[in-house]
Every structure is written in structure tokens, then in C-alpha cells.
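# 3D model of this:
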Amino acid sequence: MTVRRSAAALAATATVLCAAAAPAAVAAPSPSPSPSSALPSGLYGTTDPTYDGVWRQSLAFVSQRAVGVTPAAKAVDWLVGQQCDSGAFPAYRPDPSVPCDAKTVIDTNATAAAVQALHEVGGHKDLVANGVHWLKSVQNEDGGWGYNAGGASDANSTSIVIGALARAGQKLGDVTTDGGRTPYAALLTFAIPCGGKDGGAFAYQPDKAGKLVANGDATAAGVLGSLGKGLLVGNNAAVKDPSCHKGTAVEPEQAAQNGASYLAGALAKTGHLDQPPMPGAEDSAPQPDFGNTADAVVALSAAGHKDKAAASVKWLAKNSAGWAEQSGPAAYAQLVMAAHAAGADVHDFGGADLVAQLNATGPAPAAVKKPTASATKDEEKKDSGDGDGIGGVWWFVGIGLAVGAGAGFLISGRRKNQQL
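The predicted structure follows:
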């Protein structure tokens, strides 16, 4: 996730990206840290929430509930207050007392993440149902979703919406267009057939020539979406090695296993995925992508191949501390969800207590489950039946390289042209 977006990483890099690559017409406000007094007291994180407020709050809640943490009431109230009457969520509403209107920029990724967060927190069935209703109302004719309502479908947005609907109890086979197309029908169009270069991977969208280009972020999202999984994934036992079945996948489960095979191969050499080169810096050394690596761990675990993610879990435990500290709550949430899915100790992840670090980025929680030696096993048993959700974190945020689409889409973090 999520969309599988890495909004946390965005806060540290968006200013550089916009300065280097964005036309002046779409340059975004800097997401540099804001004075704490200027931010809502219930909000997680201290950076400008303009583009990721709802996203980072939602990821924080989902990961906290996975490990027995109950968010503070004022934190939940802040997220509730972000919802428009239509059921949709924007990335951030500075003044929730002002009704949403045509100028309010709402999106499917923030809405899908918030629906999952409120579902996990509990006690907000009407709000969850309202969000689900809006998501279903903006389904594209191909069965999928774009980042913005009515925009061309993409693998990331379709996947995180699938997870939100499933987690809320919707039967995905019944979520169809007038032409009878399901969300899975759209998702499968982004899967690269096995047997050739990058076989099994998912593309974000076809490129300008109609070609599907492998995208690590989209693949992690696509695996989870194809499995009907949400942001929260339980710790599944490993099965046989993932394999890529030649030809075009015609069933979601097959596409998920194909994608898992691709991710396992991509992680095998270094234990991590790499960021795409920045515009104008194609010759520079590749940089590790912590957020997408965490998402890949979740995806592999969901597909039953956590053994193939073990080296990546160790790599994250050893190397992700600086990234998470700089990036904030969404990053800590991604790490919590990756460790949880893989069966690692969230309270001793490379010597760090991820739960405590995440909790410290927002209001003091209402309740915190005291970690015990058997806590991880208890959590696994509790969450082993979450096959009707979605995950990863995504969603959700990478950095969109198609800057011309606008600053809002850029900050969505859906890396259209990202390649490993």
C-alpha cells in the first residue's frame, strides 16, 4: 500500500522532485515540516499533510490495530471528520467544518485506505458503508479504478479499492459494471504474461505505446489485489516455491502467484527493490526503495511465500531505521505491516520497537497491548482469516514520474513508469 503508496518517503523527496522535474504550472507546495501548532492535534506526523494526511493516518490505524493498539479518540475523530458527505475522502481537508464541493480534490486511494482504517478501528459502519458506496459509484467501465474518479484505471488504485471493498464485506464478483466486468477483469489487464522479460509482473498502466512495463510497486499491489487482500495481511505458512505459469493469466489467483514469482526473483539478489532513477539522473547508482520492499514482503507473505521474503525482512530490519525516522508514520506503518505479515517481532525489529516508534508520531493511544513472548503467535491466529481484505500497503505512496498529470497526481505516489 499503499496506493500501494509510499507517502512517507514522499515527504522527504517531493520538494526535490518538484524542483527538478515539475513544470512551474504544477509545482506543489513544499511538504516540509510544519510547526506542530499549525497541525490538527489528532493528526499523525509533523510534515505538511496536504497530500498524504488521510493516507498516513489510515495506515497508522490499520497497522496499530494489527498489533493490539487502540488509537486515541481524537485521532479517530480527525479521520472521521475528513470524509465528505458523498462518502469520499480527499488527501486532506484543512477545515472539516467547510463542506466538500466541486473544488475538493477527492481520490480513490485515500478513500480506500480510510475505509479500511475505520473498519479496523470499529464502530463506524455507516461511514464505512458510505465510503464503499462512493467507491462503487466511480467504478470504471473496464471494472477498475483510477486514482481520481473517472481517470484511467491503474493496477495500484484498482488493487487498494479491491481490498477496501473486500475488507468491508463486499463480494467482489458482484461488484460489476453495466457490462458485467468485475474489478479482477481490470486488474488482469495489467499483468505481464509469463515466458518473456519481466513475466509475471504487473504494470501500473500501459505506456503510451500500449506496452506493459514491469513496476515493482504495481506488482506488490497487484498480488494483493488479485488475492482480495487488504492493507492488513496475516502471517501465512509458506508453500511451494512461487512459479510463473506461461501465458496470460486468466484467473486472479494465477496472476497473484505469477506476480509473487516475479517479486521473489527481483528481491533475490540484494534483498530489496530499487527506486527508479530521478529525471535527468538515469546514470546514477540505483537507490534502495524501502517502502516498496516492505510492500513486496507483505505481498509475498500473503501469497504464501514468506520464506522468499525472509532476506528482505532482515535487510529492512538492518537498514530502514533512518528512512522511517525521516519519513514518518506511514513508513513506520509499512514496516509494522511487513514485520507482522512475515512473522517478525514488531517490538524488536533490528533492535527497534516499531510499535512504540509509530505510536510516538501521533496522539498517545487509548490502549496498547503489552507485548509478550507469545504475542506474535496470538496475533497470527487472530488475523489468519483476513483473506477478504487488501494490502499494502499498498498501498500506497510511490512518486508519480508522469509529472505533467498534475501535482496532486504526482503526490499520490503511484509510480506510473517505475521500473526495477
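# In three-state terms, how would A324 be classified?
Recorded secondary structure, A324: helix (DSSP: H, G, I helix; E, B strand; the rest coil).
# can you list contacts of the single longest helix found in the chain?
Scanning the chain for the longest helix, with DSSP state H as the assignment, gives helix 252-268. Helix 252-268 has contacts (Cβ atoms under 8 Å, 6 or more residues apart in numbering) with 184, 187-188, 191, 194, 198-202, 214, 216, 219-220, 222-224, 226-228, 241-245, 249, 273, 293, 296, 299-300, 303-305, 308-309, 311-312, 420. To be clear about C-beta, it is placed using only N, CA and C from the backbone, and glycine gets the same treatment.
# Write a ChimeraX command that selects only the buried members of those.
Buried subset of the contacts of helix 252-268, written as a ChimeraX selection, criterion 16 or more other Cβ atoms under 10 Å:
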select :184,187,188,191,194,198,199,200,201,202,214,216,219,220,222,223,224,226,227,228,242,244,245,249,273,293,296,299,300,303,304,305,308,309,311,312,420
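# Can you tell me which of the contacts of helix 252-268 end up in helices?
184, 187-188, 216, 219-220, 222-224, 226-227, 293, 296, 299-300, 311-312.
# what number of residues lie near A285?
Residues near A285, counting by other Cβ atoms under 10 Å, number 7.
# now do P371
Using other Cβ under 10 Å, P371 is surrounded by 17 other residues.
# G68 too?
The burial count for G68: 17, using other Cβ under 10 Å.
# any idea how far it is from G216?
31 Å (Cβ to Cβ, to the nearest Å).
# Check S327 too.
Distance from S327 to G216, by Cβ to Cβ: 18 Å.
# Spatially nearest residue to L118 (excluding sequence neighbours)?
H124 (4.3 Å; Cβ to Cβ, 6 or more residues apart in numbering).
# Q83 too?
F89 (5.5 Å).
# Tell me, how many residues neighbour that neighbour?
32.
# correct me, but A317 touches V346?
No: the criterion here is Cβ atoms under 8 Å, and A317 misses it with V346 at 10.7 Å.
# Can you read off the pLDDT for C84?
On pLDDT, C84 comes in at 98.
# who's in contact with the residue nearest to it when sequence neighbours are not counted?
Using Cβ to Cβ, 6+ apart and skipping residues adjacent in sequence, the residue nearest C84 is C100, 3.5 Å away. Contact analysis of C100 by Cβ under 8 Å, 6+ apart lists 84-86, 88, 90, 93, 106.
# And for A311?
A311 neighbours (Cβ under 8 Å, 6+ apart): 267-268, 271.
# of those residues, buried ones?
267, 271.
# now the contacts of A311 in TSV, with distance to P371?
Below are those laid out as TSV (distance: Cβ to Cβ, whole Å):
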residue	distance to P371
L267	28
A268	32
G271	26
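# Where does confidence bottom out across the contacts of A311?
A268 (94).
# low pLDDT regions in the stretch 1-150 of the chain?
1-37 (pLDDT under 70).
# Now do the helices in it.
Along the stretch 1-150 of the chain, counting by DSSP state H, counting those that start in this stretch, helices occupy 7-21, 53-66, 73-81, 108-121, 125-137.
# and the third one, what other elements does it pack with?
For helix 73-81, the contact count by 3 or more Cβ pairs under 8 Å, 6 or more residues apart in numbering; DSSP states H and E identifies helix 53-66, helix 108-121 as packing neighbours.
# between the ones you listed, which one is nearest to P363?
P363 lies closest to helix 53-66 among the helices and strands packed on helix 73-81, at 10.5 Å (Cβ to Cβ).
# how far out from the middle of the chain is that closest one?
11 Å (Cα atoms, centre = their mean, to the nearest Å).
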